[in-house]
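1. Need the 3D shape of this:
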Amino acid sequence: MAGTDSVEQIISSTTEISRWLFIWSCQSFLLLSVAWVGLKLDRSRSAATRYRIWLIAILAVASLPLIGAFSQSVRSPVVLISVPVGGADVMAVPEGIMNAAHPAFSWSSIIWPTLFVLWITGAVISMLRLSKSLWKLHIIRSNARVVSPRDIDCSSSDLLYSDYGAVPIALSESIQSPGLAGLFRPVILLPADIVSWTSREERISILHHELAHIQRRDHFVNLFQSALAAFFFFHPMMRYACRQLILERELACDDRVLSLGTAPKAYAEAILKAVERSFLTDAVYLMASFNSRSVLERRIEMILNANRMRRPLRQWPFLLAPVVLIAVSAWLVIPAAYSQKSARVGDPQSESNGPVSAQSVSSTSRQSQLPPEVYKSTVIIASVERGTVLIQRRGLGVLVPAGSGRLKASIQIAATQAQYIQPGQPASIDTRASVISGKVIKVSSDDSGKSFAVEISLEGDLPKSAIAGLNVDGVIETNRLDDVLYIQRPAFGHEGGVFSFFKLEEGGATATMVPVKFGKSGVTVVEVLEGLNLGDKVIISDMSGYNGMNTIRLK
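-> Here you go, the predicted structure:
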């Protein structure tokens, strides 16, 4: 009898778990379908907005058990009323007679435990594969050689707009395309031979792409969705949602790279070159998703589409309708999952639960309205200063012959920046071996009219490595502003525009959103015209995740 009771207990437990998982799967299918509908209603055309919608939907799926448990604890009890049938009340059947009325085994007692075994086997295999990938990535990171930006022909100034501080760069012979490794201390992994098959501008765009992933905390989200996908390995809608989340994440990072001034054509060439390389197929995180031709074509098309909206000024209006749909759907599917448990006859727990008091609801509402907390270590804070601001324009180019055995620099400048450049303006050329001063001698447009060639004479002695065809950086001083307020240039914003920033209040415990008007912009700083005073401290990190918030708390 003891053995029979144990078998029945195992069957009962596995049946309950399987039914719970089945209900959860149906709820997940509904929520993800609602997210898909919400994206059809989205008019922002922003990859960052679409990414947030999919992420909210996946987080809602993962939170369904917790939401259901909370809903069950606060929901009013179901009142059971005896219904007369044929003039007589329904008689309660004793538990022993009820159990005896059903056979010990039925089709349901076999099917549900079988489904449980299949699910637990698949989930364990998926988790083991994920763990193997993480371990292999850890080994690759441990054996990689840490280098400086100059070792791959990039200067630290190329990453000033990354807005995340110093991130280690490592070269590895075990990978063939760029990617990230590490969770709390991420490292940018690059192929050991990346210098041989990419140009300097292409490497800068790759580094900006990876830094964008780190700034967005994508490595944390990727690990979370990988674990959830392993748990729901059988769920087609979850697999689709994860693929869309990866795609929109890459497109959002592409938009971030292009917003830093990277030429779309050069960036698209960098991606195409990466496609030609073999991928670390079992790594948990890669630079991009090239699993299908359609994905690659969509990325290249969106990169080269100059008319596409890269980043809406206010994203929360576009998130409102999908989020409301997801929230309402989540609340509606919760009762279905727990109605059977709540409506059991003679369940003492369902009889003991009382209605939620108005005071507890009010307390919960007040807690949910508290400003969100942000760790100071995760953001960049800059102070408003007063002094001289050099307005400079920057471009990439090469050294070319200038006659009489001399060399000059030919720098490519975007048409939107070339209007500020005139002959005679001071300039400097960085050859990586030394910085050479000079001045602008000629400005001419190319056939397309999208960029200008700026010729710069070189003064002084050139290093021995300076030969015709050498790639150089050019910085041209177009203006000088004396005694003005300025701040370190943020990750977003342009000269002459008005943007919102979180300004730290006295004591630094909170920060409030304020509008700031910019004036002229330099390479590393931007003039402040209105909204801030000398000594004010503001967060210049990307805070788009807190759109709609007026106040945040700092820890």
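2. Count the neighbours of the closest residue in space to residue 481 that isn't next to it in sequence for me.
-> Spatial nearest neighbour of residue 481, chain neighbours left out: residue 389 (4.4 Å); criterion: Cβ to Cβ, 6 or more residues apart in numbering. (Each C-beta comes from the backbone N, C-alpha and C, glycine too.) Close neighbours of residue 389, defined as other Cβ atoms under 10 Å, add up to 24.
3. what does residue 231 give?
-> Using other Cβ under 10 Å, residue 231 has 18 neighbouring residues.
4. I'd like the distance between it and residue 52.
-> According to Cβ to Cβ, to the nearest Å, residue 231 stands 22 Å off from residue 52.
5. Give me the buried positions along the one helix or strand residue 142 maps to.
-> If you go by DSSP states H and E, residue 142 is part of helix 107-143. Buried residues in helix 107-143, counted by 16 or more other Cβ atoms under 10 Å: 109, 112-113, 115-116, 119, 123, 126, 130, 133-134, 137, 140-141.
6. now stretch 483-503
-> Neighbour-count burial for stretch 483-503 [16+ other Cβ under 10 Å]: 484-493, 500-503.
7. and the longest helix for this structure?
-> Ordering each helix of the chain by length in residues (DSSP state H) puts helix 2-41 first.
8. ok, and the closest non-adjacent residue to residue 25?
-> residue 235 (5.8 Å).
9. tally of neighbours for residue 187?
-> 20.
10. Find me the pLDDT at residue 217, would you?
-> On the pLDDT scale, residue 217 is placed at 85.
11. Contacts only, for it.
-> Going by Cβ atoms under 8 Å, 6 or more residues apart in numbering, residue 217 touches no other residue.
12. and what of the one 10 residues further on?
-> Residue 227 makes contact with 127, 130 under the criterion Cβ under 8 Å, 6+ apart.
13. how close does it sit to residue 466?
-> 53 Å.
14. Repeat that for residue 546.
-> From residue 546 across to residue 466, the span is 48 Å (Cβ to Cβ).
15. same check, this time on residue 440
-> 19 Å.
16. If you count surrounding residues, which of those two has more?
-> Neighbours around residue 440 and residue 466, counted as other Cβ under 10 Å, are more numerous at residue 440. The numbers are 21 against 18.
17. Could you find the closest non-adjacent residue to the more buried one?
-> residue 425 (4.7 Å).
18. Could you report the neighbour count for the one you found?
-> Neighbours of residue 425 (other Cβ under 10 Å): 19.
19. Renumber starting at 567 from here on
-> That works, and once the first residue is 567, the last one we named lands at residue 991.
20. and the angle for the longest helix of the chain with helix 673-709?
-> Interaxial angle of helix 568-607 relative to helix 673-709 (axes from the mean of the first three to the mean of the last three Cα atoms, to 10 degrees): 70 degrees.
21. Flag every buried residue along helix 568-607.
-> Buried residues in helix 568-607, counted by 16+ other Cβ under 10 Å: 577, 580-581, 583-585, 587, 589-591, 593-598, 600-602, 604-605.
22. thinking again about what came up before, of the buried residues of stretch 1049-1069, closest to residue 867?
-> Nearest to residue 867 among these is residue 1058, at 23.7 Å by Cβ to Cβ.
23. Tell me how far the residue nearest to residue 1006 lies from residue 1086.
-> Distance from residue 991 to residue 1086, counting by Cβ to Cβ: 15 Å.
24. What sits closest to residue 588 if chain neighbours are left out?
-> That would be residue 681: by Cβ to Cβ, 6+ apart, it lies 7.8 Å from residue 588.
25. now that neighbour: how far from residue 1077?
-> The spacing between residue 681 and residue 1077, counted by Cβ to Cβ, is 51 Å.
26. Same check on residue 1017?
-> Taking Cβ to Cβ as the measure, residue 1017 falls 39 Å from residue 1077.
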